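Q: attaching a predicted model along with its sequence, questions to come.
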Amino acid sequence: MSTYSTSIIDNTARHVQNLLTGEGSGHDWWHIRRVWRTAKALAEEEQADMFVVELAALLHDIGDHKFHNGDETMGAKLSRAWMEQQQVPESKIVRVCQVIDEVSFKGAGTSSAVSSLEAQVVQDADRLDAIGAIGIARAFAYGGHKGREMHNPAVAPVLHTSFEEYKKNSGPTLNHFYEKLFLLKDRMHTASARRLAAKRHDFMDEFVTRFLAEWDGER
């Protein structure tokens, strides 16, 4: 990348760090940093547009619908405003905003199709951070943030058939493993992400088995 592009990435990283440092739901600066680093590695392997990937990875959660009354357009709006301030070319802004619009999981019964290699890379990186040991920690951090029960055997998981239904979900955190996290391994796009996802999936599976055994008073 050019010196100008590198400066924009550096400015964006500082901007997002200032916005999200100390956030307590698992969507903090450290989440962004991990997704950014993973996305760069995937982009290099897949020969994706690194500038688009880095900007989208850095900006993908600054307007998350979960924290803006379900508004699915907020992420692209806030990202566009920032990129215009940084004088990013319009052609790149359009591509970054498209990635941000497509990155979110929208429910077990909905399509997660994306329109570009860059969107595949960023979506894979974001989903990798939702599974494995860190994914488990983030799930319970978010559940606590929302005041949800860890587990309630009387409340069954729901495989949501629309994004609107998924956004309204308020079930116990353990249900989230069946409603989303266990599904992500088979929804990765890139070969390297699929390799990483397989290991993280197995760890989650072992964790949930152990959790349920202890919940029932394992002796």
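A: That came through, no problem. Residues are numbered from 1 along each chain as shown.
Q: CA only for contacts and neighbour counts going forward, please
A: Fine.
Q: and the residue positioned nearest the centre of the chain, what helix or strand is that in?
A: Nearest to the mean C-alpha position of the chain, counting by C-alpha atoms, centre = their mean, stands Asp126 at 3.6 Å. For Asp126, the host element (DSSP states H and E) is helix 117-128.
Q: how distant is that helix from the center of its chain?
A: 8 Å (C-alpha atoms, centre = their mean, to the nearest Å).
Q: next, the angle from the helix or strand following that helix to helix 117-128.
A: For helix 117-128, the following helix or strand on the C-terminal side (DSSP H and E) is helix 132-145. If you take axes from the mean of the first three to the mean of the last three C-alpha atoms, to 10 degrees, helix 132-145 sits at 80 degrees to helix 117-128.
Q: from the chain's centroid, how far away is the helix or strand of the chain with the lowest mean pLDDT?
A: Sorting the helices and strands of the chain by mean pLDDT, DSSP states H and E puts helix 163-167 at the bottom, at a mean of 76. Relative to the centre of its chain, helix 163-167 is centred 16 Å away, using C-alpha atoms, centre = their mean.
Q: pLDDT averaged over stretch 17-30 - what is it?
A: For stretch 17-30, mean pLDDT rounds to 91.
Q: what angle sits between the longest helix that the chain contains and helix 132-145?
A: In the chain, taking DSSP state H as the definition, the longest helix is helix 191-215. On the basis of the same axes, to 10 degrees, helix 191-215 is oriented at 60 degrees to helix 132-145.
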